[in-house]
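Participant: Build me a model:
(chains A, B, C, D, E and F)
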6 protein chains.
Amino acid sequence: MRQIFSLLILICVITTAIKAQNSTAGAAPGAASAETQDRVEQWRGKTVMVFTPHPDDDVFGCGGVMAMLARNGNKIIVVIYTNDNKGSFDLEMTSERLARIRKVEQEAAMEVIGVPKENIIWLGYDDGELEYAEPKALCGQAAKLIRKYRPDAVFSIDPGEWHERWHKSDHRMAAFNTADAIRAAEFHLYYPEHLLLDGLKPYKVPLMMFYYAADEANYWVDITDVVDLKIKAVGKHVSQFEPSINKYRPDWDPNDFEKLVEYLKGRATKKDGKYVEAFRRATGFNPQ
Amino acid sequence: MRQIFSLLILICVITTAIKAQNSTAGAAPGAASAETQDRVEQWRGKTVMVFTPHPDDDVFGCGGVMAMLARNGNKIIVVIYTNDNKGSFDLEMTSERLARIRKVEQEAAMEVIGVPKENIIWLGYDDGELEYAEPKALCGQAAKLIRKYRPDAVFSIDPGEWHERWHKSDHRMAAFNTADAIRAAEFHLYYPEHLLLDGLKPYKVPLMMFYYAADEANYWVDITDVVDLKIKAVGKHVSQFEPSINKYRPDWDPNDFEKLVEYLKGRATKKDGKYVEAFRRATGFNPQ
Amino acid sequence: MRQIFSLLILICVITTAIKAQNSTAGAAPGAASAETQDRVEQWRGKTVMVFTPHPDDDVFGCGGVMAMLARNGNKIIVVIYTNDNKGSFDLEMTSERLARIRKVEQEAAMEVIGVPKENIIWLGYDDGELEYAEPKALCGQAAKLIRKYRPDAVFSIDPGEWHERWHKSDHRMAAFNTADAIRAAEFHLYYPEHLLLDGLKPYKVPLMMFYYAADEANYWVDITDVVDLKIKAVGKHVSQFEPSINKYRPDWDPNDFEKLVEYLKGRATKKDGKYVEAFRRATGFNPQ
Amino acid sequence: MRQIFSLLILICVITTAIKAQNSTAGAAPGAASAETQDRVEQWRGKTVMVFTPHPDDDVFGCGGVMAMLARNGNKIIVVIYTNDNKGSFDLEMTSERLARIRKVEQEAAMEVIGVPKENIIWLGYDDGELEYAEPKALCGQAAKLIRKYRPDAVFSIDPGEWHERWHKSDHRMAAFNTADAIRAAEFHLYYPEHLLLDGLKPYKVPLMMFYYAADEANYWVDITDVVDLKIKAVGKHVSQFEPSINKYRPDWDPNDFEKLVEYLKGRATKKDGKYVEAFRRATGFNPQ
Amino acid sequence: MRQIFSLLILICVITTAIKAQNSTAGAAPGAASAETQDRVEQWRGKTVMVFTPHPDDDVFGCGGVMAMLARNGNKIIVVIYTNDNKGSFDLEMTSERLARIRKVEQEAAMEVIGVPKENIIWLGYDDGELEYAEPKALCGQAAKLIRKYRPDAVFSIDPGEWHERWHKSDHRMAAFNTADAIRAAEFHLYYPEHLLLDGLKPYKVPLMMFYYAADEANYWVDITDVVDLKIKAVGKHVSQFEPSINKYRPDWDPNDFEKLVEYLKGRATKKDGKYVEAFRRATGFNPQ
Amino acid sequence: MRQIFSLLILICVITTAIKAQNSTAGAAPGAASAETQDRVEQWRGKTVMVFTPHPDDDVFGCGGVMAMLARNGNKIIVVIYTNDNKGSFDLEMTSERLARIRKVEQEAAMEVIGVPKENIIWLGYDDGELEYAEPKALCGQAAKLIRKYRPDAVFSIDPGEWHERWHKSDHRMAAFNTADAIRAAEFHLYYPEHLLLDGLKPYKVPLMMFYYAADEANYWVDITDVVDLKIKAVGKHVSQFEPSINKYRPDWDPNDFEKLVEYLKGRATKKDGKYVEAFRRATGFNPQ
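Facilitator: A predicted model of the protein is given here:
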């Protein structure tokens, strides 16, 4: 019955398709329709932005694809909404210190993935408080970065995966905000100060890849070649796991780590015998 | 398994049913239970309110039914949350000017549909910013209008259609707000100043028709007779389409318009060989 | 396809499992993993918190289980977000008076269920306005109570039941807020003033039971033995029903009440020939 | 030393003076510079707006001048921010009822002064809660009314009288908001929807008279002729005085009222043996 | 010229005077008019509330009078808005730790003054962020405490001392909020949930003493007898002074402390050769 | 009587004085107490920040001193809160265009004063809406810039000049916000993300110079040598004056400009026969 909705969708599609060819908003070079059919495995020389609520959802959600893209010479910009400074059971831990720890861990994880430190952008919100941010300013921050980096694709947490959406307010807010920012970035009349003050022109993101997209996934990537890298990157987030989450220590006991790796590898998602990451792929704001 | 929920529902139904008969809240004359089974095609002399996030969602979502209702002598009040003043790729366009353009286009579209200019109520919020409005005041604005016009039915965007809900924040907010306002309008203890200052009594909306209701649709209307009117009305929103969306021009090149009409007609939603519009019909706040 | 999501889930599970055994956050004594498999019918001497948006959703949603738990010697704390002071069609009614009436009715209903008056905690928000509360403070109120009472289980309205979520803003907000508070209560870095000023340590809720969980229910409880108590408790909410909702009267005409009981009983949810209440049971913030 | 500030002031004065003559903002006919020197006693056929935080501050602050203006054939529009629905010690009183009482009393007081009921505009905010209103919307409400009525003068509570400002938050907020609205009303780029949707052109208020202007007063009006009317109008606010404020009664015991009148008259402000009202008069936003 | 304002004032005075005698709001026993003329030195058995933005403004502002009142058998309740957890130059300091330190220091200072730990009420707001608190809830917190303790006098920071007001946002906000709360506490229609849920009746504070009242002071108290206690109490706030503010240490080097004492004593405010504390004394919300 | 306040002040002075010498907050090199006695005329090689609500208040308030400082080899950073995009009577003007015009004018004015374009920092808030900005984020923006540029002095609009404060809400807000930001910048526990994410250490501003400081001025600077430059810079703000404010034109008719210059020069503030600018000079948050 979804097709009854199609009148509206098609109208949008017409508009969008025409726009993609000659919009003054400046689509990325090479964003031709053939290109958007390209498999992620083939990308070379592209710019990709990954928005993540916390420093680790990026790796959990699409660390394999990120490693593959980095290896293939694409530029990855990671935008992290919160500093993840509250999730510790260690009563000696403080928010200020945990933020510092989480920053170092994320940098180490990204080094494993192949993203240099200077490509990590921290928005610095407190863990668990993204939903309290002033929404217009928050959306503007993300839109400004999109207009600056003009990515060929944006990876973001799926607002459509409702289990995540309602369980973790930062996930909910990060998902909505990135989607809203992608829309705002297209039109110069949203946040006109970006153009006025910083010379940033509007930009239409040609492709969205939503991770954590369980039931709605429509695109799978074989990450078998990079699954070890992904797990290694996960392991850099020491403070997120037992025993460090209970009593902070900056490193792993080799035994503990071995158990973690074994466990993760044994349980990693597979499809047709391959390790995969799942996405909901979209090129516009409508079901496809 | 939905029926396990039925205890609560039934309790509400009892209450509501009894209320419908003798509530002091003042149900519309003729809102008898038989009547609520009436098909929309039979309506005559009714008052219908259509709430729309932007000036065009009304036409896309239920323009056919609106044309049919107007032709049949019903009174239609259209309430438009935002002025849609940001969605242009034309770098020469300004928000102030776009708002003026969108207003004229909507008036032209409504003229086609059969709704006079004085029945269009603009709330005037900026495009893309409805979610930033103060929620209690926003709900009060909608509730006040409901209490004033006392409609036999309200048409509104479906808050249950999640794809729309998370993709477009104005849609999300308009959907929730109208639903909340319908509830508030029933009880005099919400916004008691409406009664005190304006003499507006509480009012219970007997019927809700939610448009953009893809998967949840439970009611279809054959709009074959008015599909041309609907498409003509859509065409009045020139600034929303290529080429005007990229470089503003107030009118269509006949060739461009012909292509649009052909395209829309060819792809319009059909059911059993007829052009239809789909709705989720509800008489109370519970699944049915 | 939900299992593709499992990598993340399993990582959380590892962490959580280990934490459950030796977390400094102080799991409740007896919260062993075997125990969490226990059926609710077997609980004795436990502490259970029930969060409800209005004074009556608790009874509608889980009044049967509450009565069973009370009878079996468990301690029940009921936390009520709003005072339900607006839902009357009686034009003579005022908000202040309705709040007083609703309080007395809830106390009477709880007496039937077996919850003493001193175990009812009112947060006192206005009916229909929970969504306007300052969200960080609201979450802190709930988290503080969780840290104080350290319940073996929390019963709350299901944020996953979207029909309720979008129809009634208090339900939506109460559902999200309780879930957020459960998460915040675990970590001392959320609301550190609870520890500093009131000596309240962080606490991890081992079990969540979400009521109003139609399509997502995964746990049913036979309430046949207590269904009469439940209905009697429902009946204490006189002002919520016809005729009192239209013209307030504090008591039932015996005939009206008999009809209500009969009606409720005849339509109460059944599964395999038994009266049941349905829940979505969860021990962590992930699908199970 | 105040004159060191004069560079800025003079620049403003130049601009303003020139504007006053040929501004497209549409100064009221007759707003010539000679006219602004006119004494209030000479006004005939003018439109005057009085903004008041509560229904009674208008009478206390400038009821004498209002009576004089009404008698002389000027049109007075009274805009009342709050409904004053909380200031009673009577434990039986409710907010809803007090709002109704205060409305009737204000209408009676205005009848004494000579202002017809239809010239009273209630904004309807709760007593003591004006400061919680969404400020941009509140300013827009006042600006819209100014643009609609295009008054020759605005009377408002003095934001410069700090004792009032900090003691009573509604006074503080009403004073600031009216001043902000006067500024916004001048420029079409503030609240452009007033022009777009309601055809209301910008308007520059040529004269401001601030009441409750103790130390800063620079203009006094002899109200000896109307002091009886003023006191009679004050007396219509029965619920504000003992004994009605403690135990509501709608009327005065003649003895109580006589004592009140005698007391008020005996203590009314005098200057040079005359009853007066004091104002801070201003024609622009600078000290003069 | 201040007397031109007197009409309004007198009206209030009449009302207030009559209310003071027989208000149902429940004036404190002994709040007779003779009593309000009493000198603070004579108070015995009274309840006094001191509201302070930070843990130390109470001692700086009125520590001498507090010591005198405690010695004379009065009960002192200290309400502290913020936890003062940011004012350290020590880069090793964290907010969580500083809050703990400030709490211990304040308890030690109060012990010197004669206020037991259980009479200190912390509202727990972050230092420098009081102005960001939701204002209606903040006012309700203070009003609730006033209704609970029903003080014979409230000491609070002077909102009229503008130098402080604009320099330090917590001072500004604490001053306004306490004044607003005193007003709200009088009327049962503000925060009616206090009566409904907690049985707290409205209460009119008969006397306000504003400290930090430089130019507006109208009341001085000779604190010569207790100046040593005051200085000793000030000295308990070790973390506020050099060297501890730069590099935290919990105690004084005896030399440093001696210098501090000497310095403070040498420069303490004097009037007519006596050490004094200055106040703006008020019994209502009008200049006197 | 101001000296009764001195106990508190002196305590602060002790602390501050000691801090000034060896604070880890990093006072600017050369911020010795002798230096703070320096006259502005003697400054060489210093860094000065000027905060201004609109692009022109800087020139009106301290354009002469700015020109003098620039000429003497000091570095000036100008931070502009709003883009001043609403103050036009030209009905053809739009907000977007006016923002562009104001930016060009301010750059031209600064070129006259001697401040290069790259030293102008625009925060980009809409004219008249600074008060609606999220206050914690706004304060953080200003504090971050202070920590980055580490100025020897900050020039800002005087929050103590109440006439301006209540008349123009942007002025009010800019004044408070800069003062709050100066305080926040001192302590690393305010906005710790500045250090964490951007490596910006806390910084104590040693000197504040408040312009628009009429009655409270305590410091005057002879600007006779640069008064022509100041007036020339004022003249660059063409759109602020008649006739351009009524019907935009980008330049002056020579006759109009000549009249303006003459007028300004003839009325410029003088003291002892010299053109002067007046300031309230402060080195800490207390009267001096």
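
Participant: Please pull out the lowest mean pLDDT helix or strand from chain A.
Facilitator: Scoring the helices and strands of chain A by mean pLDDT, DSSP states H and E places helix A:6-22 at the bottom, with a mean of 36.

Participant: residue contacts, A:Asn83?
Facilitator: The neighbourhood of A:Asn83, defined by C-beta atoms under 8 Å, 6 or more residues apart in numbering or on different chains, consists of A:55, A:99, A:102-103, A:122, A:124-127, F:193, F:196-197. Using the backbone N, CA and C atoms, a C-beta is placed for each residue, glycine as well.

Participant: Including neighbour count, secondary structure and distance to chain C, could the residues you listed go into JSON lines?
Facilitator: Shown next, in JSON lines, are those (neighbours: other C-beta atoms under 10 Å in any protein chain shown; DSSP: H, G, I helix; E, B strand; the rest coil; distance: C-beta to the nearest C-beta, whole Å):
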{"residue": "A:Pro55", "neighbour count": "28", "secondary structure": "coil", "distance to chain C": "15"}
{"residue": "A:Ala99", "neighbour count": "23", "secondary structure": "helix", "distance to chain C": "10"}
{"residue": "A:Arg102", "neighbour count": "27", "secondary structure": "helix", "distance to chain C": "12"}
{"residue": "A:Lys103", "neighbour count": "21", "secondary structure": "helix", "distance to chain C": "16"}
{"residue": "A:Trp122", "neighbour count": "20", "secondary structure": "strand", "distance to chain C": "18"}
{"residue": "A:Gly124", "neighbour count": "20", "secondary structure": "strand", "distance to chain C": "16"}
{"residue": "A:Tyr125", "neighbour count": "24", "secondary structure": "strand", "distance to chain C": "13"}
{"residue": "A:Asp126", "neighbour count": "19", "secondary structure": "coil", "distance to chain C": "9"}
{"residue": "A:Asp127", "neighbour count": "24", "secondary structure": "coil", "distance to chain C": "8"}
{"residue": "F:Glu193", "neighbour count": "19", "secondary structure": "helix", "distance to chain C": "15"}
{"residue": "F:Leu196", "neighbour count": "19", "secondary structure": "helix", "distance to chain C": "15"}
{"residue": "F:Leu197", "neighbour count": "18", "secondary structure": "helix", "distance to chain C": "19"}
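
Participant: Sketch out the strands for the stretch 151-288 of chain A, chain order is fine.
Facilitator: Assigned by DSSP state E, counting those that start in this stretch, the stretch 151-288 of chain A shows strands spanning A:153-157, A:208-211, A:219-222, A:270-271, A:274-282.

Participant: Please see if the first one touches chain B.
Facilitator: What it means is strand A:153-157. No. Strand A:153-157 does not reach chain B (C-beta under 8 Å from any C-beta of the partner chain); its nearest approach is 11.4 Å.

Participant: Can you give the contact residues for that strand?
Facilitator: A:46, A:48-53, A:57-58, A:61-62, A:65-66, A:146, A:164, A:171, A:174-175, A:178-179, A:182, A:205-212, A:279.

Participant: do the second one as well
Facilitator: Taking contacts as C-beta under 8 Å, 6+ apart, the residues outside strand A:208-211 that touch it are A:40, A:57, A:61-62, A:65, A:153-161, A:175, A:182, A:216, A:219, A:277-283.

Participant: How far off centre is that strand?
Facilitator: Put simply, strand A:208-211 sits 7 Å off its chain's centre (C-alpha atoms, centre = their mean, to the nearest Å).

Participant: Likewise for the longest one?
Facilitator: Going by C-alpha atoms, centre = their mean, the spacing between the C-alpha centre of strand A:274-282 and its chain's C-alpha centre is 13 Å.

Participant: correct me, but A:Ala142 touches A:Ala181?
Facilitator: Yes. With contact defined as C-beta atoms under 8 Å, A:Ala142 reaches A:Ala181; the gap is 3.4 Å.

Participant: Can you classify the residue of the stretch 51-200 of chain A found nearest chain D as helix, strand or coil?
Facilitator: Residue nearest to chain D within the stretch 51-200 of chain A (C-beta to the nearest C-beta): A:Lys136, separated by 12.1 Å. Put simply, A:Lys136 is helix when judged by DSSP: H, G, I helix; E, B strand; the rest coil.

Participant: how about the nearest residue to it, chain neighbours excluded?
Facilitator: Excluding its sequence neighbours, the residue lying closest to A:Lys136 (C-beta to C-beta, 6 or more residues apart in numbering or on different chains) is B:Tyr132, at 5.4 Å.

Participant: Need the winner for burial among the strands of the stretch 151-288 of chain A.
Facilitator: Mean neighbours per residue, mean count of other C-beta atoms under 10 Å in any protein chain shown, is largest over the strands of the stretch 151-288 of chain A for strand A:153-157, with a mean of 27.

Participant: what angle separates that one from strand A:274-282?
Facilitator: Strand A:153-157 and strand A:274-282 are oriented at 100 degrees to each other (axes from the mean of the first three to the mean of the last three C-alpha atoms, to 10 degrees).

Participant: Extract the C-alpha trace of strand A:153-157 and format it as CSV.
Facilitator: Presented in CSV, the C-alpha positions along strand A:153-157 are these (Å, rounded to 0.1, in the frame of the first residue of the first chain):
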residue,chain,number,x,y,z
ALA,A,153,27.9,10.8,1.1
VAL,A,154,26.8,11.3,4.7
PHE,A,155,26.7,8.3,7.1
SER,A,156,24.5,8.9,10.1
ILE,A,157,22.5,7.0,12.7
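
Participant: pLDDT (mean, whole number) over stretch A:207-220?
Facilitator: When pLDDT is averaged over stretch A:207-220, the result is 89.

Participant: What's the end-to-end length of it?
Facilitator: 15 Å (C-alpha to C-alpha, to the nearest Å).

Participant: Including distance to F:Asp256 and pLDDT, could the contacts of A:Asn83 go into TSV?
Facilitator: TSV is the format used below for the contacts of A:Asn83 (distance: C-beta to C-beta, whole Å; pLDDT from 0 to 100):
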residue	distance to F:Asp256	pLDDT
A:Pro55	59	96
A:Ala99	57	96
A:Arg102	61	98
A:Lys103	58	97
A:Trp122	51	98
A:Gly124	49	96
A:Tyr125	51	96
A:Asp126	54	96
A:Asp127	59	96
F:Glu193	50	94
F:Leu196	53	94
F:Leu197	50	94
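
Participant: Closest one to B:Met110 out of those residues, please.
Facilitator: Nearest to B:Met110 out of these is A:Tyr125 (C-beta to C-beta; 43.4 Å).

Participant: Tell me what that closest one is bridged to.
Facilitator: On the basis of DSSP bridges, A:Tyr125 is bridged to A:Thr82.

Participant: any idea how far it is from A:Ile101?
Facilitator: Per C-beta to C-beta, to the nearest Å, A:Tyr125 is found 17 Å from A:Ile101.
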